[in-house]
Every structure is written in structure tokens, then in C-alpha cells.
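Engineer: sequence first, predicted coordinates after that:
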Amino acid sequence: MPPKPQGSLVLSGPEFTTRAVNFAHLMGTPTFQKQFFADPSGVAGREFGIKAPASAASKANSMIFALLADKQFNTWAKSFQTEIDTSFAGISKAANLSDAQKALKSKQTRDQLVAKFNASVAQHLSAETASKLSALNKGPLVSEGDVAIVLLTFVAVIVIVVIAAGVANPGELVSRQQVQLVARQITAAQAAQVRGQQR
Amino acid sequence: MDILDPLPEARVLSLLLTLQCNAECLHCGTNSSPRVKSRLPEATAARLIDEAAEAEYQVVAFTGGEPLLYGQSLFELIRRAAGRELATRVVSNAYWARTADSASRTVQALAAAGLREINFSTGDQHARFVPMNNIIRAARAGLDQKLKVAVMIETVRERSITRETLVRDPLFVELFDRSEQEMIHFCESPWMPLDPNQHLEYPDDMAVTAENIERCTGCDSVINTTTVLADGRVMACCGLGTQQIPELQLGRVEDGNLTAMRALAENDFLKRWIRCEGPERILQWAGTKDPAILWEGQYAHRCQACVRLYSDEAVRSVIREHYEEKILDVLAAEWLAHTYRPAAW
């Protein structure tokens, strides 16, 4: 039987509020953004007096920042978004995941979307990789061997797989929360590989 | 909806109008029963709905207890919320759907008041008090009124009611064709005891372990949902078991408005951490600091993991001692999810 709780566990001291405000202010500067995501532990110590081991910094955060700042990735994502908007109006007009799920109710529509996705992937990735993706039916892609696939395509994969498989909660928007979920699964070794590929 | 849009906040006001319920399920997450008579005054509920509209909440959920036991006032409150352009949801056990006619009449009245979504709770416990056919009839009535319909099914390892048994029920087969079946959202959700030290048996891979924790997202309920209990207490999430977590109780309805209550929750780093990573990952993190903290295979329902987080002094001690190392990580995740849009866009 665990020991009984003592006192209140509310972490709302003025120190937290001050740090949160200060952090938000600093993050308004692109230079600080880059510094922070390159070395979160170092910045925590220098700017905030916080001792934070490197392991406390989420790989997902630096990964998402790197991806969203990556022109090639954004170009591809925009291109795929345009394809979705053109060919699948029901999805692009959906206000939330629940509505998007409805737009994908028909198997034919889902198959068309997956085919469109595979075609888009094929323009950027090797035939072998595209072939692996075509076998995809559900779940995030991190089990795939080529982490570059994850980097270039995971957002779209989430759109297809999460919505089509109906595995997310209704009302939950397909967005960065799902991106974070996938990115959090990437191992340190994969992250290092990714950084190497992005240079 | 663009793929890479920043994540918007979805604010929900959940009103547990009464904790009275005609069912008395074992492990009921809100301690509801036929004997509990607490009731949120209609005027108070109306005031909260007005505040929610002003504070840019998007949804008002009417639940309980059994909200249909709240009587005509429920319909008035739905009408009020809809009139303020808030989406509305009712969560019910469908006791009122004894016949096709009674199901149709009730749902029609709810829809006429402005209801947008109706959720039904069922499973082995609920079915001791409300037959599954009520759920089927009520779901049919919901689709007929073009409502969003969801069916939440209690899930433990040994159970007789599942999604499969429900959709193969002769009445279900009679009332729904294949495409209509797909319009109903079924959710097989773990059924949990409120005691964090009591563990039920679940289907394989449902309880969280180091192998499957990667599927755990942040909690989309804490902070973003403000719950008001029938006795006037205001809670920082919609979760089950909140009544036994003092830290999730923000105050009473007479203590301040919704915006002030939400600010109390928003100013607590731990709640923001739970929103960002979910209670399971925090338990895992605590376990790395204190190996005596065991968590794997114990929690299928994340609310039970949250109860453990708040009630186990060993976990609390680790959090108090080491939480600072997570502050910037959580703030960075929030910034990325809710704020960041690359300048090139």
C-alpha cells in the first residue's frame, strides 16, 4: 500500500508563472528558438537557473521544431495538403477529426486517399520505401526502418491512418498533438540519424 | 483544416446536473446512485453557460448521474446553450428508451432544444439496470434526428457486452444498415475502480507498460474541461475519480467565474504537464527517479493512473523534488503545439 499523500500538490508558485512568462517572451525571438531547441538543458541552466538533465528534454520538441522549420518538409506537406483539398473536399472542410472521419466513411474514399498519399510519397522517396508504405494499414510509422519516411511523411500518415482507422477521439483535431505523439516514439539513435540527414 | 495548423484549444464546460442515477454501477466514476439527490440549481447552471459563452468555450456537456432525471430544466439549459452558439452534448444511460416511441419522443425533444450530440453509456455494469436494447433504440432515435451518436462500452477482460455483441444483436441488425452502423462512434473504454490500488483484468495490451506507453498522448481533458458537480464543486477536468483528488478541485461555483477557475488550473504547472504528457508518462518518469514506484501493467484507464499520481506520496515526493527539470520541456511543447508557425508560412 503506497504511503498516504501529504500536503497539496499544486505547483503554482510565482516562480513558475515568472518563468513561463519569461520563456514565452524569449521564444518570440528566432535566435533564441534555435538556441533553445539545439541545447535545451544548457539554456535551462543559463537563462533560468534550472538544472535539467539532457534526458529531461523531449526529443519530440526538437524534432517538431526542426521539421516545421524545414523548407523541404513544409513544401511537401503543403503540396500534399493541396492535393487533399482538391481531391477530398470533405476532409479539407472538416472542422475537426470527427467530421473528417465522416468524410472518410467510404472504403473507396479511404483507398483513394491512401493511393494519393502513396503517389505523393513516391515522388520523394525510393520505390522500396513507397512499397512499404502501401502495405500500411494502421498505427504510427515508427516501426518502419527508414526514419526518413517518418520525417517526410508522418503528418500525412497520421491524417490517413488515424482518421481512416478511427483510432483517435472524436473532436480531437489532427494536428501537432498527433505529430508529437509520433515524434515522441523516435529513439535517440533515430533522432541522431535524422539530424545527420537534415544537414 | 490544414495539416500543420497550430493546435486550437477546445474548451468544454461539463455540467453534472445531478448525481442521482437510476443505475448503481460498481466502480461508478462519479459515485452516482439512486440515493444521491444532489442537484445543481438551474439558475446556477444557466449562469455558467452564459459565462462559458463569454469565455469562448465551444461545448457544454450535460452529464451526471443521469441528466434526464433533471427533468424539463435540462431542455431549457440545452436551449440556452444552443442559443449562445455552444455545441451541446448529453451523456445518458438511455433508461428512457424503453420503447421505440419513448426513445423517439425524448430524442426529438432534445434535438428540438438544440442538442448536437448524444453519448450513451453501457456495458455489463450499466446493463444490470438498463437493458442494452434501450441503447440500440436510443441510438436509432439519435441518428433519426441527425445527432452525433456515440456509445461508450465498459471494457474489462471478462465481459459479455462488447461492440461486437452490440452490433450483432438482433434488434441492432434490424434497426441499422451497414452504413448507419458506421455513423455511430463506438468506444470500448476501460472500466476502472476509483481505488488506485485495486486492479481489474483487461484485454491484452490495454494496460499501459513500457512497451506500449508510446501510444499515450497528453490529457485533453485537464484544464480544457471545466466540470461543475451537482453539489457546486468546480473541477479542473472531466475525469473520473476527480472527487477524490483535492488538487483537481478548483473551488465552488460561488467562489468565482469560469475564467477565474480556469486560470487557477492554468497556473498549476503539474496540470499543464499532465495536459502535455498525460499521467502515464509522468508515472514512468517518476519510476526512473524512484525504482520503487511500480506502474507497468496496472493502469488501463488513464484517470486511474492520474489518481495514483496524486494519491501516492512516493510519486508526489518525486514530483516535488524534480519537477523543475520538466518545466521548459512542457512550456516548449505547449509553444510548439499552440503557438508556433514558421515565419516562412
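Structural biologist: Sure, I can see it. Numbering: from 1, shown residues only, chains lettered A, B, ... in the order given.
Engineer: tell me which strands and helices the one helix or strand B:Thr288 maps to is in contact with?
Structural biologist: For B:Thr288, the enclosing helix or strand under DSSP states H and E is helix B:279-289. Other helices and strands packing on helix B:279-289, by 3 or more Cβ pairs under 8 Å, 6 or more residues apart in numbering or on different chains; DSSP states H and E, are helix B:302-311, helix B:313-322. C-beta: built from backbone N, CA, C; applies to glycine.
Engineer: now it: buried residues?
Structural biologist: B:279-287 (16 or more other Cβ atoms under 10 Å in any protein chain shown).
Engineer: domain parsing of the chain, as residue ranges.
Structural biologist: No chain in the question, so chain A it is. A:14-57, A:69-198 (automatic domain parsing).
Engineer: that's the wrong chain, I meant chain B
Structural biologist: Split by automatic domain parsing, chain B gives B:12-191, B:271-338.
Engineer: which of those domains sits most buried?
Structural biologist: Most buried of these, by mean neighbour count (mean count of other Cβ atoms under 10 Å in any protein chain shown): domain B:271-338, with a mean of 21.
Engineer: wait, a strand at B:Gly251?
Structural biologist: Yes - using DSSP: H, G, I helix; E, B strand; the rest coil, the assignment for B:Gly251 is a strand.
Engineer: got the angle for the helix holding B:Thr288 vs helix B:302-311?
Structural biologist: Calculated by axes from the mean of the first three to the mean of the last three Cα atoms, to 10 degrees, helix B:279-289 forms an angle of 40 degrees with helix B:302-311.
Engineer: run through who's touching helix B:279-289.
Structural biologist: B:208, B:210, B:213, B:216, B:219, B:273-274, B:293-295, B:299, B:302, B:305-306, B:308-309, B:314-315, B:318-319, B:321-322, B:326 (Cβ atoms under 8 Å, 6 or more residues apart in numbering or on different chains).
Engineer: before we move on, back to that, in terms of mean pLDDT, which of the helices and strands packed on helix B:279-289 ranks lowest?
Structural biologist: Ranked by mean pLDDT, the helices and strands packed on helix B:279-289 bottom out at helix B:302-311, with a mean of 93.
Engineer: tell me what that helix is packed against?
Structural biologist: helix B:279-289, helix B:313-322.
Engineer: residues in contact with that helix: which ones?
Structural biologist: With Cβ under 8 Å, 6+ apart, helix B:302-311 has contacts from A:2, A:5, A:9, B:29, B:192-194, B:196, B:208, B:216, B:219, B:239-241, B:244-245, B:247-248, B:274, B:278-280, B:282-283, B:286, B:295, B:298-299, B:315-316, B:319.
Engineer: can you give me phi and psi for B:Gln198?
Structural biologist: phi -100, psi 130 (degrees, to the nearest 10).
Engineer: burial measure for it, as a count.
Structural biologist: 11 (other Cβ atoms under 10 Å in any protein chain shown).
Engineer: pLDDT score for it?
Structural biologist: 84.
Engineer: please tell me how far it sits from chain A.
Structural biologist: 11 Å (Cβ to the nearest Cβ, to the nearest Å).
Engineer: near chain A at all, whichever strand or helix holds B:Leu15?
Structural biologist: Here B:Leu15, judged by DSSP H and E, is contained in strand B:12-18. No - Strand B:12-18 stays clear of chain A (Cβ under 8 Å from any Cβ of the partner chain), getting no nearer than 8.7 Å.
Engineer: next one: stretch B:113-122
Structural biologist: No - using Cβ under 8 Å from any Cβ, we find that stretch B:113-122 stays clear of chain A, coming within 8.6 Å at best.
Engineer: quick one: end-to-end length of that stretch, please.
Structural biologist: Stretch B:113-122 has an end-to-end distance of 25 Å (Cα to Cα, to the nearest Å).
Engineer: run the chain-centre distance for that stretch.
Structural biologist: The chain centroid and the centroid of stretch B:113-122 are separated by 13 Å under Cα atoms, centre = their mean, to the nearest Å.
Engineer: quick one: average pLDDT of that stretch?
Structural biologist: 97.
Engineer: before we move on, the earlier item: comparing the domains of chain A, which yields the minimum mean pLDDT?
Structural biologist: Among these, domain A:69-198 scores lowest, at a mean of 52.
Engineer: quick check: the gap between A:Gln112 and chain B.
Structural biologist: 17 Å.
Engineer: that residue in helix, strand or coil?
Structural biologist: Secondary structure of A:Gln112, per three-state DSSP, is helix.
Engineer: state the distance from it to A:Glu83.
Structural biologist: Look at A:Gln112 and A:Glu83: by Cβ to Cβ, to the nearest Å, they are 11 Å apart.
Engineer: cool, B:Gly64 as well?
Structural biologist: Distance from B:Gly64 to A:Glu83, by Cβ to Cβ: 46 Å.
Engineer: show me where the stretch 1-150 of chain B has strands.
Structural biologist: B:12-18, B:59-64, B:87-92, B:117-122, B:148-155 (DSSP state E, counting those that start in this stretch).
Engineer: if we look at the fourth one, which residues are touching it?
Structural biologist: Residues from elsewhere that reach strand B:117-122, judged by Cβ under 8 Å, 6+ apart: B:87-94, B:107, B:110, B:130, B:132, B:135, B:138-139, B:142, B:147-154, B:161, B:166.
Engineer: the same query, at a cut-off of 6 Å, please.
Structural biologist: B:89-91, B:93-94, B:132, B:135, B:138, B:142, B:147-153 (Cβ atoms under 6 Å, 6 or more residues apart in numbering or on different chains).
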